[in-house]
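> coordinates for the following, if possible.
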Amino acid sequence: MSHYQTPDSKKEEFRRYLEKSGAIESLTSVLVGLYEEPDRPIESTEYIKKYLGAATASSARGSSAASLAETEKLRKENEELKSKVIELNRTIETLRANLSHARKETKKANAAAAEALAAAEAAGAKPPST
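Take a look at the predicted model:
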């Protein structure tokens, strides 16, 4: 006599299989990581493939945790680098403003020196030798 399973019992058996093998835990970890991702990728399946990779059921739990830890480490580093870029851009703007101001002052000083030289020549004085 053959053993007949109802669709519900097949689903329950499959759910237990996924839970026992660690697949549910791995998928949950990856989906939580995707949910928390500030810059969500266009292709969510690529993200899932990248973080699940070709890991075996036994190594999936450990590598998933390691991947999530590495991802978190990289997120923190990314935020620090973004802050550094903002800081450096502010420094660049300050330096550009200082350079522009110095160039204007140099032009004014050169114009004043040229006027003084022209006035001295007009008065018949000898220009100072350099």
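> all helices of the chain, in order?
Taking DSSP state H as the test, the helices found in the chain are 7-21, 23-36, 44-52, 57-122.
> turn these into JSON lines, including mean neighbour count and mean pLDDT.
(Each C-beta comes from the backbone N, C-alpha and C, glycine too.) JSON lines is the format used below for the helices of the chain (neighbours: other C-beta atoms under 10 Å; pLDDT from 0 to 100):
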{"stretch": "helix 7-21", "mean neighbour count": "11", "mean pLDDT": "90"}
{"stretch": "helix 23-36", "mean neighbour count": "15", "mean pLDDT": "89"}
{"stretch": "helix 44-52", "mean neighbour count": "14", "mean pLDDT": "84"}
{"stretch": "helix 57-122", "mean neighbour count": "11", "mean pLDDT": "88"}
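> report the central residue of this protein.
The centroid of the chain falls nearest to residue 78 when counting by C-alpha atoms, centre = their mean (4.2 Å).
> ok, it - contacts?
For residue 78, the contact set (C-beta atoms under 8 Å, 6 or more residues apart in numbering) is empty.
> distance of residue 83 from residue 89?
11 Å (C-beta to C-beta, to the nearest Å).
> what do you get for residue 82?
In terms of C-beta to C-beta, residue 82 sits 11 Å off from residue 89.
> next: residue 124.
Distance, residue 124 to residue 89, by C-beta to C-beta: 55 Å.
> what's the spacing between stretch 70-85 and its chain's center?
6 Å (C-alpha atoms, centre = their mean, to the nearest Å).
> what do you get for stretch 5-21?
41 Å.
> what of stretch 91-109?
The chain centre lies 32 Å from the centre of stretch 91-109; the measure is C-alpha atoms, centre = their mean.
> outside of it itself, list whatever touches it.
Taking C-beta under 8 Å, 6+ apart as the rule, stretch 91-109 contacts no other residue.
> please save the CA atoms from it in CSV.
Only the C-alpha atoms of stretch 91-109 are listed here, as CSV (Å, rounded to 0.1, in the frame of the first residue of the first chain):
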residue,chain,number,x,y,z
THR,A,91,39.4,72.0,3.1
ILE,A,92,39.7,72.3,-0.7
GLU,A,93,37.0,75.0,-0.8
THR,A,94,38.8,76.9,2.0
LEU,A,95,42.1,76.7,0.2
ARG,A,96,40.6,77.8,-3.1
ALA,A,97,39.0,80.8,-1.4
ASN,A,98,42.4,81.6,0.2
LEU,A,99,44.2,81.3,-3.1
SER,A,100,41.6,83.5,-4.8
HIS,A,101,42.0,86.2,-2.1
ALA,A,102,45.8,86.0,-2.3
ARG,A,103,45.7,86.4,-6.1
LYS,A,104,43.5,89.5,-5.8
GLU,A,105,45.8,91.0,-3.2
THR,A,106,48.8,90.3,-5.4
LYS,A,107,47.1,92.1,-8.3
LYS,A,108,46.4,95.1,-6.1
ALA,A,109,49.9,95.2,-4.9
